[in-house]
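Undergrad: Below are the sequence and a predicted model; questions follow.
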Amino acid sequence: MDVKPRLIILSDLWGAKDNEWVSLYTDLLNDFDIQYYDCRELGNVDTFTKNQKIIHQQFLASGIDSAVTKLQVLERGEVTVLAFSIGGIIAWKAGLKGLKMNSFYAVSSTRLRHEITKPLGRLKLYFGDGDSFQPSKEWYEKLDVDFDIVKNKGHKMYSEEDFAIRLCKEIKCK
């Protein structure tokens with residue numbers, strides 16, 4: 001019996017609420033052993049509020065660090081990571097602290113622009129050209145990170161079927 005490679009998916013800021021789009025990825029990547037993580041739950045961030053500002057503040061205050069610590073405990077082996085928005089910074093920081101990522105795919109993870117070191121593994125970042133908080137070209141060059149700026153897309157491009165199909169094909173080919 002073949003063992004499927006492990007893929008962890010880290011949610012966006014909204015966690016498990018209003019994320020029907022995640023099934024686009026889980027359906028297309030069914031040749032992986034998939035574990036989905038709600039970043040709000042990982043980071044002990046209020047899962048009831050719908051106020052984006054409050055959610056964001058909770059992640060910045062302690063939620064990102066809490067989620068990184070919890071992820072390190074939950075994932076001990078080698079994984080492929082697919083992360084959306086806030087999930088990208090959580091996985092990145094977990095990678096810097098020892099999470100064994102063979103491949104890391106992050107979509108619309110704008111907080112990465114503040115990072116000055118990168119984790120080990122194959123890294124690929126995706127941003128819509130309309131996402132105003134994406135890292136600068138100099139950041140990509142300095143950290144030597146592979147990236148794709150997708151034309152005519154915004155921050156939530158990961159919830160669009162055409163982008164999900166394209167990204168899943170790329171993940172399956174690596």
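TA: Yes, it's here.
Undergrad: Could you list the low-pLDDT ranges of the protein?
TA: Filtered on pLDDT under 70, the chain yields the residue ranges 1, 174.
Undergrad: ranges for the helices of it?
TA: When secondary structure is read from DSSP state H, the chain shows helices at 22-28, 39-42, 52-58, 64-74, 86-96, 137-143, 161-173.
Undergrad: For the last one, could you pull out the residues that count as buried?
TA: Okay, so that is helix 161-173. By neighbour count, with 16 or more other C-beta atoms under 10 Å as the criterion, the buried positions of helix 161-173 are 163-164, 167-168, 171. C-beta: built from backbone N, CA, C; applies to glycine.
Undergrad: And the contacts of stretch 11-24?
TA: Residues lying outside stretch 11-24 but in contact with it, judged by C-beta atoms under 8 Å, 6 or more residues apart in numbering, are 9, 36-41, 45, 47, 50, 52, 55-56, 59, 84-87, 108, 158-161, 164-165, 168.
Undergrad: Pretty sure residue 151 sits against residue 131.
TA: No: with the criterion set as C-beta atoms under 8 Å, residue 151 and residue 131 do not qualify as a contacting pair; they are 11.8 Å apart.
Undergrad: More neighbours: which of those two?
TA: Neighbours per residue, other C-beta atoms under 10 Å: of residue 151 and residue 131, the larger number sits with residue 131, 21 against 7.
Undergrad: Contact partners for residue 133?
TA: 110, 113, 155.
Undergrad: Buried ones among the residues you listed?
TA: Neighbour-count burial (16+ other C-beta under 10 Å) applied to the contacts of residue 133 gives 110, 155.
Undergrad: if we can go back for a sec, list only buried entries from the contacts of stretch 11-24.
TA: Buried members of these, counted by 16+ other C-beta under 10 Å: 9, 36-40, 45, 55, 59, 84-87, 108, 158-160, 164, 168.
Undergrad: on that earlier part again, can the buried residues of helix 161-173 go into JSON lines with extra columns for distance to residue 95?
TA: Putting the buried residues of helix 161-173 into JSON lines (distance: C-beta to C-beta, whole Å) gives the following:
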{"residue": "163", "distance to residue 95": "23"}
{"residue": "164", "distance to residue 95": "23"}
{"residue": "167", "distance to residue 95": "19"}
{"residue": "168", "distance to residue 95": "21"}
{"residue": "171", "distance to residue 95": "17"}
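Undergrad: ok, the residues you listed vs residue 139, which is closest?
TA: Of all the buried residues of helix 161-173, residue 167 has the smallest distance to residue 139: 21.2 Å, by C-beta to C-beta.
Undergrad: Okay then, goodbye and thanks.
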